[in-house]
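Colleague: turn this into a model:
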Amino acid sequence: MSRDQGTNWRENEFSGADFGDPRLTKRLIQIANKLANNPQASIPQACETWMPHQQATYDRAQRQATVLAVQDTTQLDFTHHPSTQGLGMLNDQAHQGFFYHPTLLVTPEKVPLGISDHQVWERPQEDFGKSQQRKQKPISEKESQKWLHSLDQTAQRQEALPQVQVVNIADREADIYDYLQLAQARQIEVLVRAAHNRRVDQPEKYLWDHMAEVPVSQYLTIAGPRKPGQAQREAVLSMRYSRVALQPPRHRYQEKDLPPVTVWVVYAHEADPPAGLEAISWMLLTTLPVHNAWAAMEKVQWYTCRWQIELFFKVLKSGCRIERLQLETAARLRRGLALYAVIAWQVLFLTMQSREVPNMPCDILLEVEEWQALYCYIHNTASPPKQPPTLLEATRMIARLGGFLGRKSDGYPGATTIWRGLQRLHDIAAAWSLGRQTD
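Modeller: Below you'll find the predicted structure:
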């Protein structure tokens, strides 16, 4: 990343927005700066387009050999603002808000490159209690269409980035025949966790039964997903892989000429989990060839990158506190979300970059007055060093402002403490600059 990309990231992400008047674009950048420094503040207006961020995301992606397009859904709950107009029902009539389904581009090293797709919708109140009717609708009229839309957008990104391997990654909810069929038709690579014990072209007839008979090819140790109240743990997974043809669902027999979908399957299973914890067991379907144990392990490692979008949701809700926005209409909340999402990505990006390139100078992301003020405040000195601290050193100092203790056993700081620290850093840097002007 160049210095211009780092120190002026809001200009880089928003300067291409076309409002027909350069003054409005300048106003948008000012709003982004204000929100990034005080994300709990309400906003009188927000961006009408976030296409400039998309373009900046593609610019970062084109420098990668492989990019993972991770998609997932979260609910944004605005029940505590009953006067907001235009909101829909969430999982029941007692809660209102909307659903948010982004696609986050991530490197295999888990560095978030940006948001490539941004889907938001409300569920009408009149749909309550009509789940059976929804099941009978074509997928184009269901919320499940979100997975296909992301996949279609990923295919377009692949066409624009022919030198980059783009892989769409999704969790079990995306284990839909239409999703796999579209991937095959559009020739886009996917990696999805299986949810259904589908019929396969094997003697065992069903997917789980077949994979249980496949010999273990290798063992892989991974850092297991951390759940609330639980410490990080390692898991030893047995690895099996096989190529199968998934048969179309039985209830789709009335549709003529539905072909089987050929995929590779990677079955990663934890045989001996710690007492009281559920075993990790992933049945992964992919269009990518898996000819050896190394390729199977690679796909499992890629699937763990899906957790980055969960971290993104955490930053958006706990850091940005998006669900506390008090705006009059759902339309305004949507515009606010588009802006907050980019800011939440930036915090997550800083978190991961400090781990991947820890020795890079921190001025790729911080202005001179920011890193100087940060250093002097933390070290209780009036004299900053001549050279900027490393990115990891600066990130740890920022995290200390947010409550990170920085002990040897604490590991890397997380996104939440970095977010809190960045809020304080703005005020510290402002006071630092003012004090130097009066000297």
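
Colleague: can you pull out the helices in this protein?
Modeller: Taking DSSP state H to define them, one finds helices in the chain at 3-7, 9-14, 22-37, 51-61, 131-135, 145-160, 177-186, 207-213, 293-304, 307-314, 330-356, 368-379, 391-401, 415-438.

Colleague: mind listing what's buried along stretch 242-253?
Modeller: When neighbours are counted by 16 or more other Cβ atoms under 10 Å, the buried residues of stretch 242-253 are found to be 242, 244, 246, 247, 248. Yep, even glycine has a C-beta here, placed from its N, CA and C like the rest.

Colleague: nearest to residue 99 among the helices of the chain would be which one?
Modeller: Between residue 99 and the helices of the chain, the shortest gap by Cβ to Cβ is with helix 145-160, which sits at 8.2 Å.

Colleague: what packs against that closest one?
Modeller: For helix 145-160, the contact count by 3 or more Cβ pairs under 8 Å, 6 or more residues apart in numbering; DSSP states H and E identifies helix 51-61, strand 66-71, strand 96-106, strand 112-121, strand 165-170, helix 177-186 as packing neighbours.

Colleague: ok, now with 6 Å
Modeller: On a contact count with 3 or more Cβ pairs under 6 Å, 6 or more residues apart in numbering; DSSP states H and E, helix 145-160 meets strand 112-121, strand 165-170, helix 177-186.

Colleague: quick check: the gap between residue 294 and residue 218.
Modeller: Distance, residue 294 to residue 218, by Cβ to Cβ, to the nearest Å: 8 Å.

Colleague: neighbour count for those two, which is higher?
Modeller: For residue 294 versus residue 218, the count of surrounding residues by other Cβ atoms under 10 Å is larger for residue 218: 14 against 11.

Colleague: can you tell me the closest non-neighbouring residue to that one?
Modeller: For residue 218, ignoring the flanking residues on the chain, the nearest one in space by Cβ to Cβ, 6 or more residues apart in numbering is residue 293 at 3.7 Å.

Colleague: what's the closest of the buried residues of stretch 242-253 to residue 361?
Modeller: Taking the buried residues of stretch 242-253 together and measuring to residue 361 by Cβ to Cβ, the closest member is residue 242, at 47.8 Å.

Colleague: in the sheet, who's paired with that closest one?
Modeller: Assessed by DSSP bridges, residue 242 has beta-bridge partners residue 265.

Colleague: any idea how far the residue nearest to residue 413 when sequence neighbours are not counted is from residue 407?
Modeller: When the adjacent residues along the chain are set aside, residue 413 lies closest to residue 399, with 3.3 Å between them (Cβ to Cβ, 6+ apart). Using Cβ to Cβ, one obtains 12 Å as the distance from residue 399 to residue 407.
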